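Participant: got a sequence here, can you build the structure:
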Amino acid sequence: VPAAPGGATAVTASPAPATPQRAAEQRLPIENPRVSGTINLRGARIDDLVLRDHFETIARTTPVRLLAPRTDSHPYFAQWGWTAADGRTRVPDIDSDWTAEGGRLAPGNPLTLRWDNGQGQEFRIRLELDDNYMLLARQSVVNRGAEPVQVLPWARIRREATPQVAGFFILHEGFVGVLDGRLHEWTYSDAREEAQRRRGPAFEQESTGGWSGFTDKYWLTALTPEDQSTRIRTAYRHVADGGDRWQIDIAPPAAITVAAGAESTLGTRLFAGAKEVNLLDAYMNRYGIVDFDKAVDFGWFYFLTKPFFHILHFLGVTFGNFGVAILVFTLLLKILFFPLANKAYKSMARMKILAPKMTEIRERYKDDPTKAQAEMMALYRSEKINPASGCLPILIQIPVFFALYKVLFVTIEMRHAPFFGWIHDLSAPDPTNLFNLFGLLPFDPMQWSALFHMPVWAILMGITMYLQFKLNPAPPDPIQQKIFAWMPLIFTFMLASFPAGLVIYWTWNNLLSIGQQWYILRLDMQRQKAAGTWVAPVKAEKAKKS
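Facilitator: Numbers count the residues shown, from 1 in each chain. The predicted structure is shown next:
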């Protein structure tokens, strides 16, 4: 059996089998506006919790079940207990039957669990629930005996089966926590390998305050001390006991001595619910839980992703539609970067107009590449253009695109958010498909391959990307020209299975870019006509061929 914090027996031991004569376990209800479930008095476990305002599908018929009892196929529960550090004090085991006073757990209605060891010590767990997803548990030991006792209080969250994960490289699922200001993330596979290598916890650290738990794509269970100045030891564990079992537990670094006639209390908070950014921020500020918002995997572009989320959320609430929020947000970004993009598009417009002259130079010095390059640079200087500046709009879009992708992919606020028409979930791919004539043919092409998915919005994105490509100056290298010509088709297939909100953003952004480029091309043409320097690219090309 692995060692627990403080050197006592770990809390991962398997329970003793129940005798056939044992009475059925007793449960008490948990309820607030956002969750419902029960507390199992056998083992002081919260192992039944449903999120009342989040559903499995957009049909909103089946609410999400977060925690499940050991009789379920995927047991998932939180539990509190003690280890006898002195080796003689009888403590409740993980299947002890507790008594309760309070009837039910609800906001403003706390519940106290009691267990007497018959040696003069009473163990208590007082539970308080707020209106959202946070529960406070205060573990107390009342020592009425004649001698001091040494016990180690602990709290744990346990999964007795490996959950199904999304498997995307941009999304972390598994162990997560922030200890002493540092984020610690472990996938299930990495934790298994490390635990086997170390023959103990995959990860263990002592810290002041902090939080740790399990994160799914949209859901989180996490433990944190009530007082963030409390020293704790946190462990991420994998137990191979007839299968994969996963556990995060927190405990004081050393056992607590409770003098005769005294009482000792340790408070911990359990978060069990949806990773709603504003709610995590509120808990972070209210209780001083450092970086609690990092339970949402905002990634390396945190400095962009989180502000993007807040802007999109504000616009979504304002307009009542997150799809409209994406359109407005994209327009605001275009306005913000207008001076920089304007300069780039002007350079691209000049490059397009100068294409015949550049072709002429290449033809004239086709046997002398060095001379051709020198003449080309002289042309750039005389026309005051920078050939590299045309890349700026694309470079600007890359972090914006990735940050917006993260927002749409990882934040629950975008989950099941509708747009218009057939888009009922912006975080899911567009459900239409060209290969079954958009539903006219009664079969699903996706059963053959993911490549057979070509929705309406992806097609629109490809068309706008092609039109934008036609406005740009053609690369001088013929091979590059062919590569760029195929890019719209490649991206159409690549983005076909991306969240619909992201494809809508890309399409709308292309349309705005096309309008901006067309406007700049037209202004530059008018300027050159007024100066008498205008040469139509098409006419110049025809003259060259003749």
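Participant: poorly predicted segments of the stretch 301-450 of the chain, please.
Facilitator: Counting by pLDDT under 70, the stretch 301-450 of the chain shows low-confidence ranges at 345, 348-349, 352, 386-394, 397, 449-450.
Participant: you'd agree Pro107 is up against Asp131?
Facilitator: Yes - counting by CB atoms under 8 Å, Pro107 touches Asp131, with 5.2 Å between them. (Glycine included, C-beta is placed from N, CA and C.)
Participant: now the common contact residues for these two.
Facilitator: Asn32 (CB atoms under 8 Å, 6 or more residues apart in numbering).
Participant: pull the residues that contact stretch 171-189.
Facilitator: 162-163, 165-166, 190-191, 194, 202-203, 205, 207-208, 210-217, 220, 222, 234, 236, 238, 244, 246, 248, 290-292, 294-295, 297, 409-410.
Participant: for the chain, just list every one of the helices.
Facilitator: Along the chain, counting by DSSP state H, helices occupy 188-198, 277-287, 302-319, 322-336, 338-353, 355-364, 369-383, 392-410, 456-471, 478-495, 500-531, 537-545.
Participant: chain center to the longest one: distance?
Facilitator: With CA atoms, centre = their mean, to the nearest Å as the basis, the distance from the averaged C-alpha position of helix 500-531 to the chain average is 34 Å.
Participant: what angle sits between that helix and helix 478-495?
Facilitator: 150 degrees (axes from the mean of the first three to the mean of the last three CA atoms, to 10 degrees).
Participant: got the buried residues for helix 500-531?
Facilitator: Across helix 500-531, burial judged by 16 or more other CB atoms under 10 Å covers 500-514, 516-517, 520-521, 524.
Participant: and that helix, what other elements does it pack with?
Facilitator: When contacts are defined as 3 or more CB pairs under 8 Å, 6 or more residues apart in numbering; DSSP states H and E, helix 500-531 sits against helix 322-336, helix 338-353, helix 392-410, helix 456-471, helix 478-495.
Participant: residues contacting Lys406?
Facilitator: 170, 297-299, 301, 305.
Participant: do Asp97 as well
Facilitator: 23, 25-26, 41-42, 115.
Participant: repeat that for Trp300.
Facilitator: Taking CB under 8 Å, 6+ apart as the definition, Trp300 has no contacts.
Participant: cool, the one 10 residues further on as well?
Facilitator: Counting by CB under 8 Å, 6+ apart, His310 makes contact with Val277.
Participant: how about a cut-off of 6 Å?
Facilitator: Contacts of His310 were listed using CB atoms under 6 Å, 6 or more residues apart in numbering, and none were found.
Participant: do Ala106 as well
Facilitator: Contacts of Ala106 by CB under 6 Å, 6+ apart are Glu31.
Participant: got a pLDDT number for it?
Facilitator: Residue-level confidence at Ala106 comes out at 97, pLDDT.
Participant: now the one 4 residues further on
Facilitator: The model reports Pro110 with a pLDDT of 96.
Participant: now the phi/psi pair for it, please.
Facilitator: phi -70, psi 170 (degrees, to the nearest 10).
Participant: spit out the contact partners of it.
Facilitator: Counted by CB under 6 Å, 6+ apart, Pro110 has contacts 126, 128.
Participant: now swap in Glu375 and tell me
Facilitator: Here Glu375 is in contact with Ile361 (CB under 6 Å, 6+ apart).
Participant: now do Ala272
Facilitator: 49, 66, 133, 221.
Participant: give me the below-cutoff pLDDT ranges for the stretch 1-150 of the chain.
Facilitator: Using pLDDT under 70, the stretch 1-150 of the chain drops low at 1-20.
Participant: so which residues of it form strands?
Facilitator: Chain-ordered strands for the stretch 1-150 of the chain, with DSSP state E, counting those that start in this stretch as the definition, fall at 27-31, 35-40, 45-55, 63-67, 76-84, 99-101, 111-116, 121-129, 134-143, 149-159.
Participant: which other helices and strands contact the first one?
Facilitator: With contacts defined as 3 or more CB pairs under 6 Å, 6 or more residues apart in numbering; DSSP states H and E, the packing partners of strand 27-31 are strand 35-40.
Participant: got it, and the shortest one?
Facilitator: Packing contacts for strand 99-101, counted by 3+ CB pairs under 6 Å, 6+ apart, involve strand 111-116.
Participant: can I get the CA coordinates of the strand it packs on in CSV?
Facilitator: The C-alpha coordinates for strand 111-116 follow below in CSV (Å, rounded to 0.1, in the frame of the first residue of the first chain):
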residue,chain,number,x,y,z
LEU,A,111,-25.4,19.3,7.2
THR,A,112,-23.2,17.7,10.0
LEU,A,113,-22.0,14.1,9.8
ARG,A,114,-20.9,12.4,13.0
TRP,A,115,-19.0,9.2,13.8
ASP,A,116,-18.0,8.0,17.3
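Participant: any residues touching that strand, and which ones?
Facilitator: 44, 92, 96, 98-102, 105, 122-127.
Participant: quick one: the strands in the stretch 151-300 of the chain?
Facilitator: 174-179, 182-186, 203-208, 211-215, 219-225, 231-240, 244-251, 256-258, 263-274.
Participant: so which of those strands gets nearest Lys346?
Facilitator: strand 182-186 (43.0 Å; CB to CB).
Participant: okay, the closest one in CSV with CA atoms only?
Facilitator: Output in CSV follows, covering the C-alpha atoms of strand 182-186 (Å, rounded to 0.1, in the frame of the first residue of the first chain):
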residue,chain,number,x,y,z
ARG,A,182,2.7,27.1,-10.7
LEU,A,183,0.4,25.2,-13.0
HIS,A,184,0.7,21.4,-12.8
GLU,A,185,-1.0,19.3,-15.6
TRP,A,186,-0.7,15.5,-16.0
